[in-house]
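1. how does the following fold in three dimensions:
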Amino acid sequence: MLSRFLGGILDSLREYFNPDEQKNLLEILSQEYIEKSENVLKLTDYAATMVYPQFRDKLLRIASEEQDYIHRLAEHIAALGGEVPQTNFSPRPGKNAWERLLTALEKKKRHISDRIDRLVQLQRIDPKFAEELRRMRQEEEIHHREIQAMMMRSDPQAGRNSKTSVS
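-> Next up is the predicted model:
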């Protein structure tokens with residue numbers, strides 16, 4: 001009876017540390033790491049070109065929060081025995097502040113929808129990581145709204161334009 005109980009525990013542990021699931025988990029965390037790294041580069045670059053200091057400060061704050069996510073993701077990737085991905089990204093230049101904010105907003109929207117698929121996979125593989133990703137997603141939604149508000153304040157026509165091209 002005890003051997004059957006211990007055998008069941010060992011089987012559960014083997015299933016938990018399934019190499020395919022660990023590989024999937026590392027892929028998800030790596031995708032998140034790359035996206036966050038691109039966001040930090042883009043937002044930092046865009047902040048440097050902002051005319052309004054309050055917009056620059058807000059973009060730098062968002063970039064700093066995303067940098068914190070990058071550090072946590074890197075720790076998780078390393079703890080799982082993976083290699084932290086290298087990123088090679090150049091932000092797309094915009095003609096003006098409004099266009100750069102629109103680019104950032106569109107990218108954030110894509111990340112939010114991509115993350116839903118990852119959350120479903122991650123919930124099955126590791127609920128702890130899924131919960132952390134869910135918190136990141138909630139903060140992404142806040143960032144999305146903040147960038148959208150900056151767009152609307154930077155151009156009176158932005159509200160109408162952003163609804164047609166981003167919603």
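2. and the lengthiest helix in the chain, what's buried?
-> In terms of residue count, the longest helix belonging to the chain (DSSP state H) is helix 19-49. Of the residues in helix 19-49, 22, 24-26, 28-47 count as buried by neighbour count, 16 or more other Cβ atoms under 10 Å. To be clear about C-beta, it is placed using only N, CA and C from the backbone, and glycine gets the same treatment.
3. tell me where the chain has helices.
-> Going by DSSP H, the chain shows helices at 2-16, 19-49, 53-79, 97-125, 127-154, 158-165.
4. now the last one: mean pLDDT?
-> Mean pLDDT, taken over the full extent of helix 158-165, equals 44.
5. and the fourth one, by the same measure?
-> Mean per-residue pLDDT for helix 97-125: 75.
6. what separates it from the chain centre, distance-wise?
-> Relative to its parent chain, helix 97-125 has a centroid offset of 7 Å by Cα atoms, centre = their mean, to the nearest Å.
7. nearest to residue 85, of the helices of the chain?
-> helix 19-49 (4.9 Å; Cβ to Cβ).
8. what mean pLDDT does that closest one have?
-> On average, helix 19-49 scores 87.
9. enumerate the positions of stretch 70-82 that are buried.
-> Quick answer for stretch 70-82 (16+ other Cβ under 10 Å): 70, 73, 74, 76, 77, 82.
10. so who does the fourth one touch?
-> Read it as residue 76. Residues near residue 76 by Cβ atoms under 8 Å, 6 or more residues apart in numbering: 29, 129.
11. tell me the angle the longest helix of the chain makes with helix 127-154.
-> 20 degrees (axes from the mean of the first three to the mean of the last three Cα atoms, to 10 degrees).
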